[in-house]
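> Return atomic coordinates for the entry below.
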Amino acid sequence: MVDRRLAAILAADVVGYSRLMGKDEERTLKALRSLRDELFGPAVAGHKGKVVKNLGDGWIVEFTSVVEAVNCALQIQTGLVGHEAIKLRIGIHIGDIVHDHDDIFGDGVNVAARLETFAEPGTVAISDAVFGSLDGTLRPSFDNAGAQSLKNISRPIQVWTCSPGRPGSPDSSGSVRSSSGSSADGGRPSIAIQPIATSDNRHEIRELADALTNDVQSYLQAVNWLTVLTTANPTNETYVLKAALRSSGSKLRLDAHVTAKHGGNVWSGKFDGDIESVFDWQDRVGEDMIAQVLGHLLDAERDKLADVSLEEMTAAQCELAAQLHFALVDNEAFETTLRFASSAIKKDPQFADAYATAIVSYLSGVASGSTKATEPYRHCLDNWIEAATPLALAHPRLDLVVGIAMYFRERDGASLIDTVNRTLRRGASDIATLANCGWSNVWLGRPQDAIDCFDRALRLGRFSPWMLPALGGAALANVQAGRYEAAISLSHKGIERSQSFGANYRALAAACALSGRQDEAREAMGTLLQLYPDDTVTKNSVRAGYPKNEFTERYFEGLRLAGMPE
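Here you go, the predicted model:
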């Protein structure tokens, strides 16, 4: 029976496979096994893809979601940046496919295969149909390669390409490593994820192990303060996460533990489930395990830092302490974050991450109305921006932060849009950068682009210190977009985490007022004005330089209706 349907098809091919095999067959086969077990297989499974053809030196993979297909391709190519032996070409198209026994045919396959041959080594080439289905976080990653006449394809295809290996993109580990400047006196903590092992040879169990490996990798890579490597042979990482998936009939058990570099168990846990509800179990276990892992890593790192005085801390330790204190985004958090971040700069004036954390903390405090916390550092800002600018070229997060600072100074919205798009193009996947891209779009009155950034940040970084700013920004963007119920729900989630972050109360008050829930609006506004007694509509508008458009005016009208003074 012929099975015909619409699907996103990813075609991947190893560049120079025959040459590599002729030169060193054993080494090439070992590299391909590592690629399959540690990167390709987990990425495909984690993005809900299905390998429908394994050609030895290439693959055809089917996805039901275009976004999943593209994210999978970018993750794979990012993980291969700098690999000494293996390079891939990848093409993606969406179209009709036909399953016939063990083979697959159709327009989706044919065009994807031709896009793969068009792609340069290490790049991803997609059709215009795929590009049109991407959101505002993925579109900037691709360059327009124009209309191309592809072999055996009757019509020209508009092609878009992405090169994850360009300067500032994620590195060859498959993780987004920070270009943290010099700071050789002590780095951030790192963790090696070993691919989840299983002795069960059933295809669905091995696929589940790969998917869980990818989920763990994706969640941890979104943590800005942690360097992540997926490898079967960890060497010098601070921590190692190892897990095994066991099964008996329909019963599942995941055993996991984290060990420290110098010995000792940091955490261990067991997660039971049933194959009958495998997808729900996969999602729940991935989130539960990472919550446990990150909670214990945070405790371990806080304990380490608590035993070190500010004078004894390295620049990297100061910057990590600054990020960990930023989590509550209130007056006290801004004061502590700025103290640690400014100390990191003094200890290492070439430390890019320290400038990024210091500048964004200062600007966030200004935008929030926390002038008590920011005023002592007002005289530092210009010096920080001047010193940071030459470092930003190799550091996407700092490039964005400097762009935001220039917007606060010059109110050039077009320039900030360019900076946000450039940042997203350079492979941003950590929650801090995505959250800052989202807030930039909020300040520019571009709610849908903001929501795209925040949705991805909240999906990937729910365990990060930047979670609260992302929730508050997402709530405010949804007010601008007129999605009041979503804004109210996000505001309440933020308030559950902190009762002192003003953005949540502003968004809640405006959303409730605009949806006719006046009592709730006035209650939220009352709480806000207790936290920020001098807050007004005008001050909110001026602090972040909101342009006048229908989206920003909707938000300010909501604040007025809720009772905020003009």
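> Contact partners for residue 290?
215, 216, 219, 220, 463 (Cβ atoms under 8 Å, 6 or more residues apart in numbering). Using the backbone N, CA and C atoms, a C-beta is placed for each residue, glycine as well.
> quick one: secondary structure of the closest residue to the fourth one other than its chain neighbours?
In other words, residue 220. Distances taken as Cβ to Cβ, 6 or more residues apart in numbering put residue 228 closest to residue 220, at 4.7 Å, once the chain neighbours are dropped. Classification of residue 228 using DSSP: H, G, I helix; E, B strand; the rest coil returns strand.
> May I have the beta-bridge partners of residue 228?
Residue 228 forms beta bridges with residue 191, as assigned by DSSP bridges.
> did I read that right, residue 499 in a strand?
No - Residue 499 is assigned coil when assessed by three-state DSSP, not a strand.
> mind pulling up the phi and psi values for it?
For residue 499, the backbone dihedrals (degrees, to the nearest 10) come out as phi -100, psi 20.
> that older thread, and the two most separated of the contacts of residue 290?
215 and 463 (12.5 Å; Cβ to Cβ).
> what about residue 213, distance to residue 62?
20 Å (Cβ to Cβ, to the nearest Å).
> Settle it for me: which of these two has more neighbours?
residue 213 (28 against 23; other Cβ atoms under 10 Å).
> where does that one land in three-state SS?
helix.
> nearest residue to it other than its sequence neighbours?
Closest to residue 213 by Cβ to Cβ, 6+ apart is residue 42, at 4.1 Å.
> Does anything pack onto the helix or strand hosting that neighbour? Which helices or strands?
Using DSSP states H and E, residue 42 falls within helix 41-46. Under the contact criterion of 3 or more Cβ pairs under 8 Å, 6 or more residues apart in numbering; DSSP states H and E, helix 41-46 touches helix 66-80, helix 203-221.
> let's see it at 10 Å
Under the contact criterion of 3 or more Cβ pairs under 10 Å, 6 or more residues apart in numbering; DSSP states H and E, helix 41-46 touches strand 50-54, strand 58-63, helix 66-80, helix 203-221, helix 278-306.
> Between those, which one is closest to residue 526.
Residue 526 lies closest, by Cβ to Cβ, to one member of the helices and strands packed on helix 41-46: helix 278-306, at 33.5 Å.
> Counting neighbours, which bits of that closest one end up buried?
278, 281-282, 285-286, 289-290, 292-294, 296-298, 300-301, 305 (16 or more other Cβ atoms under 10 Å).
> how about the next helix or strand after that helix: buried residues?
Using DSSP H and E, the helix or strand that follows helix 278-306 in sequence is helix 315-325. By neighbour count with 16+ other Cβ under 10 Å, helix 315-325 contains the buried residues 315, 316, 317, 318, 319, 320, 321, 322, 323, 324, 325.
> could you check the angle helix 278-306 makes with helix 315-325?
120 degrees (axes from the mean of the first three to the mean of the last three Cα atoms, to 10 degrees).
> Tell me the helix or strand right after helix 315-325.
Defined by DSSP H and E, the subsequent element after helix 315-325 is helix 331-347.
> other SSEs contacting that next one?
For helix 331-347, the packing partners by 3+ Cβ pairs under 10 Å, 6+ apart are helix 315-325, helix 352-368, helix 371-374, helix 381-388.
> mind running it again at 6 Å?
Using 3 or more Cβ pairs under 6 Å, 6 or more residues apart in numbering; DSSP states H and E, the elements in contact with helix 331-347 are helix 315-325, helix 352-368, helix 371-374.
> Tabulate these (a markdown table), appending mean pLDDT and distance to residue 484.
Compiled in a markdown table, the helices and strands packed on helix 331-347 are given as follows (pLDDT from 0 to 100; distance: least, Cβ to Cβ, whole Å):
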| stretch | mean pLDDT | distance to residue 484 |
| --- | --- | --- |
| helix 315-325 | 91 | 32 |
| helix 352-368 | 92 | 22 |
| helix 371-374 | 89 | 30 |
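> Nothing else from me, thank you.
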